[in-house]
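>>> I would like to see how this sequence folds:
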Amino acid sequence: KTLSRSSRPVPKLQSQGITPRKDSSRIGPIATCINLNTFSLTRDPEPWSVPTLVGCSPDIIRPPCARGLKTTLRSLVHLACLLVLEAPASGNTETIEIDPASSRSALTETGNERDHLTGDWGGLRTRLLDRGLHFQAGYIGETMTVLRGGRDQGTAVDGVFNAGLEFNFSQLTQGHWSGARLRGSALWLHGSSPHALAGDDLGLSNIDGYDTIRLYELWFEQSVAEDRLMLRAGQQVVDGEFATSTYAGVFVHGNFGWPSHLAANTRNNGPAYPVGVLGVMTRGVVSTHWAVQAGVFDGDSYDSLAGDPAVNAHGVHFKINSGQGALTLAESIWQWNQQPAEPARPGRLKIGAWRHTGSFETREKPGQPGELDGVYALVEQLLWRESDLPESSPQGLGMFLRAGFSPGPRPRYKWVVDGGWNYHGLVP
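Got it, this is the predicted structure:
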């Protein structure tokens, strides 16, 4: 089973925000999402052996699509349901936030340890959390069937089990060491690959990956100045921090998590699910509405220029050298109406740039390798909020639009545009 260019199963809650938002009332027993008319366009600047169509294979592409300029508009109607099952309130008035992007995450949190499948372990999970130890575990399984075309017809069943443990040193030391966190997590990927059946270029599934048990994350983070400045170092994935949208994450297609203009133009998918890489990132909160962040990461997640995922199959093959290059990312985040006291609809704008210092060949003149770089922008906005809900509720119609561009003759895709809509809270 080969690794598709897929996104990780959506980052944990509040991973992209500057200031967490809280609802003024508890979410009901069931929340749902509906997503409509999502599209993705890609452009391949030169003839290429693998089509750039989202979710298509060589066997089902019409002749015009095989020429140098390959452009596709893919529309779909996708219904995704986020079910949040709650225990009885029992007088607990704790407010929680349900992020629409967490419907595909194996580590979705509601803010109450009792809501997990195995419960609160007789109160043990809550007591551990209060002392600074947060254990998480979750599983996602899926099945996809190719009915016609593709490389082959059939049904693929795959899944991922994700387990993590996070240490909050402020709570562990009773406030003597504030702002420090240590996180470790692991993945177990298994099953048959829908990518192997469809032959698509961008990944039908956002959880498909090389079958293995691997170390996923192992990083230390320190925040100072009342959490306005953060530094994180270690093995990490950054598709929950850079270039991703809250509203895009609910879609199962790999293109809508870690974007294609980064996954395809960097080496071996870049520092994204399901392979973590060594790196350092920092974030500075300039104001309530503005933050900037940047990072430098290992340029080859597989540690294999030939693209063999078996080399770093278990996530413990730590290797950094000049031949792999390094990926540098920088991003500015501007967001508005994020506070409960702000009645208007929340939104976010991200503008970023990246550069990979590895050696990439040109298509038309082999033997003249060079570096790759690009820019991107993303905007997301809650368009309409249900009128009978608190002003801080995320329930309603939201949209996102994202574009990336890489100049020169070396990128696999010169530009990529994707976007979509989803409705959160369709069923009361």
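
>>> Could you use CA atoms for every contact and neighbour count after this?
Will do.

>>> Please enumerate the strands of the stretch 151-300 of the chain.
154-168, 180-191, 212-224, 229-236, 277-285, 290-298 (DSSP state E, counting those that start in this stretch).

>>> can you list the residues that contact the first one?
Right, strand 154-168. Here strand 154-168 makes contact (C-alpha atoms under 8 Å, 6 or more residues apart in numbering) with 106-107, 132-147, 179-194, 197, 207-208.

>>> Tell me the strands beside that strand, with direction?
Strand 154-168 has its sheet partners listed here by DSSP bridges as strand 133-146 (antiparallel), strand 180-191 (antiparallel).

>>> which other helices and strands contact the longest helix along the chain?
Ranked by residue count and defined by DSSP state H, the top helix of the chain is helix 124-130. Applying 3 or more C-alpha pairs under 8 Å, 6 or more residues apart in numbering; DSSP states H and E, one finds that helix 124-130 contacts strand 133-146.

>>> Other residues contacting the strand it packs on?
Taking C-alpha under 8 Å, 6+ apart as the rule, strand 133-146 contacts 104-107, 125, 128, 152-168, 172, 194, 197-198.

>>> So among those, which ones count as buried?
Neighbour-count burial (16 or more other C-alpha atoms under 10 Å) applied to the contacts of strand 133-146 gives 104-107, 125, 152, 156, 158-168, 172, 194, 197-198.

>>> what about the helices in the chain?
124-130, 169-172, 194-198, 260-263.

>>> Remind me what the third one packs against, helices and strands.
With contacts taken as 3+ C-alpha pairs under 8 Å, 6+ apart, helix 194-198 sits against strand 133-146, strand 154-168.

>>> Same question for the second one.
Packing contacts for helix 169-172, counted by 3+ C-alpha pairs under 8 Å, 6+ apart, involve strand 180-191.

>>> and the direction of the strand it packs on versus that of strand 229-236, what angle?
Calculated by axes from the mean of the first three to the mean of the last three C-alpha atoms, to 10 degrees, strand 180-191 forms an angle of 30 degrees with strand 229-236.

>>> Look at Thr288 and say how many residues are nearby.
Using other C-alpha atoms under 10 Å, Thr288 is surrounded by 15 other residues.

>>> How much space separates it from Leu129?
Using C-alpha to C-alpha, to the nearest Å, we find Thr288 at a distance of 28 Å from Leu129.

>>> same check, this time on Asn269
34 Å.

>>> of these two, who's got more company?
Ranked by neighbour count (other C-alpha under 10 Å), Asn269 and Leu129 place Asn269 first, with 26 against 17.

>>> What score does the residue nearest to Ser332 when sequence neighbours are not counted have for pLDDT?
Distances taken as C-alpha to C-alpha, 6 or more residues apart in numbering put Val292 closest to Ser332, at 4.4 Å, once the chain neighbours are dropped. Note on Val292: pLDDT of 97.

>>> Show me what Val292 is bridged to.
With DSSP bridges as the rule, Val292 is bridged to Gly284, Ser332.

>>> Tell me if I'm right that it and Arg283 touch.
Yes - the criterion here is C-alpha atoms under 8 Å, and Val292 meets it with Arg283 at 5.8 Å.

>>> For this protein, name the helix or strand with the lowest mean pLDDT.
The weakest-scoring helix or strand in the chain, judged by mean pLDDT, DSSP states H and E, is strand 77-80 (a mean of 30).

>>> any weak-confidence spans in the stretch 301-428 of the chain?
Scanning the stretch 301-428 of the chain with the threshold set as pLDDT under 70 gives 340-343, 362-368, 388-393, 428.

>>> where do the strands sit along it?
Under DSSP E, counting those that start in this stretch, the stretch 301-428 of the chain gives strands at 326-336, 347-360, 370-385, 396-405, 415-424.

>>> Can you lay out these as JSON lines showing mean neighbour count?
Shown next, in JSON lines, are the strands of the stretch 301-428 of the chain (neighbours: other C-alpha atoms under 10 Å):
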{"stretch": "strand 326-336", "mean neighbour count": "20"}
{"stretch": "strand 347-360", "mean neighbour count": "20"}
{"stretch": "strand 370-385", "mean neighbour count": "19"}
{"stretch": "strand 396-405", "mean neighbour count": "22"}
{"stretch": "strand 415-424", "mean neighbour count": "22"}
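
>>> Val296: neighbour count?
19.

>>> I'd like the distance between the residue nearest to it when sequence neighbours are not counted and Asp200.
Spatial nearest neighbour of Val296, excluding adjacent residues (C-alpha to C-alpha, 6+ apart): Thr328 at 4.5 Å. Here Thr328 is placed at a distance of 28 Å from Asp200 (C-alpha to C-alpha).

>>> One more: Phe169?
From Phe169 to Asp200 the distance is 44 Å (C-alpha to C-alpha).

>>> got it, and Asp211?
19 Å.

>>> again, but for Leu401
23 Å.

>>> and if you look at Leu215?
Separation of Leu215 from Asp200 (C-alpha to C-alpha) stands at 27 Å.

>>> same thing with Val280?
On the measure of C-alpha to C-alpha, Val280 and Asp200 end up 33 Å apart.

>>> Next: Gly325.
With C-alpha to C-alpha as the criterion, Gly325 and Asp200 are 27 Å apart.

>>> who's more crowded, those two?
A direct count of neighbours by other C-alpha under 10 Å for Gly325 and Asp200 places Asp200 higher, at 23 against 19.
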